[in-house]
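K.L.:
okay, here's the prediction I keep looking at, along with the sequence it came from:
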Amino acid sequence: LALCVLPLSHSRQLLLFDMCRALDAWAAFDVFATAVTVSHLEFGLFSSFLMHYNNLAQGCRLVKDYLHTECFHMECGLTPGYAFLLAGAVLSYATPKLAFKVCQAAIDTRADSASNPRSGLTRATTEGSSTSDFSDEDD
């Protein structure tokens, strides 16, 4: 939001833009929602595999033979709030991507107009002296 609202020099816009992209790369809300989805779909199958075909198979066979019960079973149920989690994860993933495209286009437009003053940007002129509508001074 600050990238679009604050009057920043071009170099500071690029720096803030790169910082936002780095933070987006570290955001993990969508990864968490994906992990919850996968655990809901696969934990039962995973626990069955562990009990019947992996290192726990011999111990679980003994539990089943002598105690007449399963060794263990894992399930991950979803609550009604999962729909909000999933929607939030999708928005958490898509919104920054869209915002980055808009910001990148604005930064590119500004860079193009700074390198080519006849690119169509209007500049205010007052009493014969030309002043720019934006500040293009780099720090």
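P.N.:
Done, it's in. Numbering: from 1, shown residues only.
K.L.:
name the helices or strands packed onto the strand or helix carrying D30?
P.N.:
Assigned by DSSP states H and E, D30 belongs to helix 29-53. Helix 29-53 makes packing contacts with helix 57-67, helix 82-115 when contacts are defined by 3 or more Cβ pairs under 8 Å, 6 or more residues apart in numbering; DSSP states H and E. All C-beta spots, glycine's among them, are computed from the backbone N, C-alpha and C.
K.L.:
kindly reformat these as CSV and extend each row with mean neighbour count and distance to V36.
P.N.:
Converted to CSV, the helices and strands packed on helix 29-53 look like this (neighbours: other Cβ atoms under 10 Å; distance: least, Cβ to Cβ, whole Å):
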stretch, mean neighbour count, distance to V36
helix 57-67, 12, 26
helix 82-115, 13, 7
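K.L.:
which among the ones you listed is found nearest to H10?
P.N.:
Among the helices and strands packed on helix 29-53, helix 82-115 comes nearest to H10, with 6.4 Å by Cβ to Cβ.
K.L.:
hey, what's the angle from the closest one to helix 29-53? Just curious.
P.N.:
140 degrees (axes from the mean of the first three to the mean of the last three Cα atoms, to 10 degrees).
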